[in-house]
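Asker: Pasting a predicted model and its sequence here:
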Amino acid sequence: MKKLLLHTCCAPCSIAIIDEMKNQFQLTVFFYNPNIFPEDEYLKRKAEVIKICQEWGVSMIDMDYETDKWNQSVIGLETEPESGVRCLTCFQFRLTRTAEYAKQNNFGYFATSLTMGRNKKAEVINPIGLALAEKLGVIFYAEDWKKNGRQEKGRQLTVEKKIYRQSYCGCLFSIK
């Protein structure tokens, strides 16, 4: 079975994807989100992803909470609007780490749950993943996860499993 590394941003965005992909790939969930602020919010989101992975027997890699590195990457972008250059930089930051890990650890594929977010556009995120795939020689599984009933399934599973649903994207700037 082919190996896929799935970057997950949170449980509500990834639960339907994990449910679907665990049957198609040797799936490993990759939790790398140094953008999430404050740390207690980060820990809540991570705990929910861990809960899903443990329940379904899916491997998970818990990466470091490298907030200093992320903060450095967005210096000068503090006043950018949501969905602006700061968000593009954040997507690039997290997907780069995912693609590098996939390459270094012999995953044939990598993907992200970011396109499941209601305000996240696949036409913005997928080109980043595809460019990284071309650069590193790993296949990016480009998908708009909101489509084909997945968003509804994700909402249903989130309610059924009593998954914590956050009220903002994640970073300090998105709280506002």
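Answerer: All right, it came through fine. Numbers count the residues shown, from 1 in each chain.
Asker: wait, what's in contact with the residue lying closest to residue 163 once chain neighbours are set aside?
Answerer: In this structure, residue 163 finds its nearest non-sequential neighbour in residue 11, 4.7 Å apart by C-beta to C-beta, 6 or more residues apart in numbering. Backbone N, C-alpha and C define where each C-beta goes, glycine included. Listed by C-beta atoms under 8 Å, 6 or more residues apart in numbering, the contact set of residue 11 reads 45, 48, 49, 51, 52, 158, 163, 164.
Asker: Now, of these, which are buried?
Answerer: Neighbour counting with 16 or more other C-beta atoms under 10 Å marks 45, 48, 49, 51, 52, 158, 163 as buried within the contacts of residue 11.
Asker: got the contact list for the third one?
Answerer: In this case it means residue 49. The contact partners of residue 49, by C-beta under 8 Å, 6+ apart, come to 8, 10, 11, 14, 29, 31, 60.
Asker: can you confirm it is in a strand?
Answerer: No - secondary structure of residue 49 (DSSP: H, G, I helix; E, B strand; the rest coil): helix, not part of a strand.
Asker: now, which of the buried ones among the contacts of residue 11 sits nearest residue 176?
Answerer: Closest to residue 176 out of these is residue 45 (18.7 Å), distances taken as C-beta to C-beta.
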